[in-house]
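S.K.: With the sequence up front, the predicted model follows.
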Amino acid sequence: MIKTNFHTHTTFCDGRDTPEQMVESAIEKGFSALGFSGHAYFVLDAAFTMDLAQQKPYRAEILRLKEKYKNEIDIFLGIEQDSWSPALDYKYDYVIASVHNVQKDGVYCPVDNTLEIMKSNLDRYFGGDMDAFAEAYFEETVRLFDKIPEGDIIGHIDLVTKYDEQLSYRRTPRYFRMAKQAIAQLAKYGRPFEINTGAMGRGYRSAPYPDPELLRAIRREGCPIVINSDCHNKDYLDCGFAQAVALARDCGFDSHMVLTKQGWESRPLP
Ligand SMILES: [Zn+2]
Ligand SMILES: [Zn+2]
């Protein structure tokens, strides 16, 4: 099975466990590599993100663990940069580029905050129209590399579907057209899209992001994938990986990308 994860949150942002607890769990699970990706600061989500002052001790702690556990596991210092975060002021081992908020009428609307907040913004700013919300989301998403040129991974490309199961919502043909257009635009950058099982571990979804139809579009564009658990809890570091691999294979992939000390490398799927 997959024994790496490059999307890991800790007590430095909105995770439950400390970085060292995450490392110990990864070693116990036989992982060969673990990448940390604390949420970069964003004003609206201050409770969930690291402010600029916190990013320094975060880096120091991950670098300490990298050294301490170097004979047992490869540890990487990354960050999950939101499209609205201030520009990065440090060269991380890698950067996940993600959209967590859209702007409408000058107001930030979170995509993946609570279901109540999502629903209230959907009604107030988009007249209850999920496609209109998704349109704003993908308009922001296609700008990812203008705003985050250092981005190495495209994070959870269809995060906007987080609450579809709770809302018993089925995506429309218009939605899939918009999503595929965004994928085609982002594909030009040649960077991997993420298969992300985080919402499974947290009980919001029964399947990983992205939807199989979108994953097939990513495959047709010739883009690679990274399989990540977007982990906020050390017990779920490899949550949903078997399902993610089966999904990837179903959609035509036979390899995935992993970060090594030599850089990003393609590996056969297990
Ligand atoms: Zn995210
Ligand atoms: Zn994340």
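M.R.: The structure has been received and is ready for your questions. Residues are numbered from 1 along each chain as shown. Ligands and ions are numbered 1, 2, ... in the order given.
S.K.: In space, not sequence, find me the middle residue of the protein.
M.R.: Nearest to the mean C-alpha position of the chain, by C-alpha atoms, centre = their mean, lies Gly155 at 3.4 Å.
S.K.: Pull the contacting residues for that one.
M.R.: 7, 80, 96-99, 194, 196, 230 (C-beta atoms under 8 Å, 6 or more residues apart in numbering). Yep, even glycine has a C-beta here, placed from its N, CA and C like the rest.
S.K.: I'd like the distance between whichever residue of the stretch 101-250 of the chain sits closest to ligand 2 and Lys66.
M.R.: Going by C-beta to the ion, ligand 2 is nearest to Asp230 of the stretch 101-250 of the chain, at 4.5 Å. Distance, Asp230 to Lys66, by C-beta to C-beta, to the nearest Å: 21 Å.
S.K.: Then Tyr94?
M.R.: Distance of Tyr94 to Lys66, computed by C-beta to C-beta: 13 Å.
S.K.: which residues are in contact with both of the two?
M.R.: With C-beta under 8 Å, 6+ apart, Tyr94 and Lys66 have common neighbours Phe76.
S.K.: and the strand ranked longest in the chain, which strands flank it?
M.R.: For the chain, the longest strand by residue count, based on DSSP state E, is strand 74-82. The pairing partners recorded for strand 74-82 under DSSP bridges are strand 33-39 (parallel), strand 94-98 (parallel).
S.K.: CSV please, covering those and showing mean pLDDT, distance to Pro270 and mean neighbour count.
M.R.: Formatted as CSV, those follow (pLDDT from 0 to 100; distance: least, C-beta to C-beta, whole Å; neighbours: other C-beta atoms under 10 Å):
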stretch, mean pLDDT, distance to Pro270, mean neighbour count
strand 33-39, 98, 15, 26
strand 94-98, 98, 22, 25
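S.K.: Of all those, which one comes closest to Arg177?
M.R.: Closest approach to Arg177 among the strands paired with strand 74-82 (C-beta to C-beta): strand 94-98, 22.2 Å.
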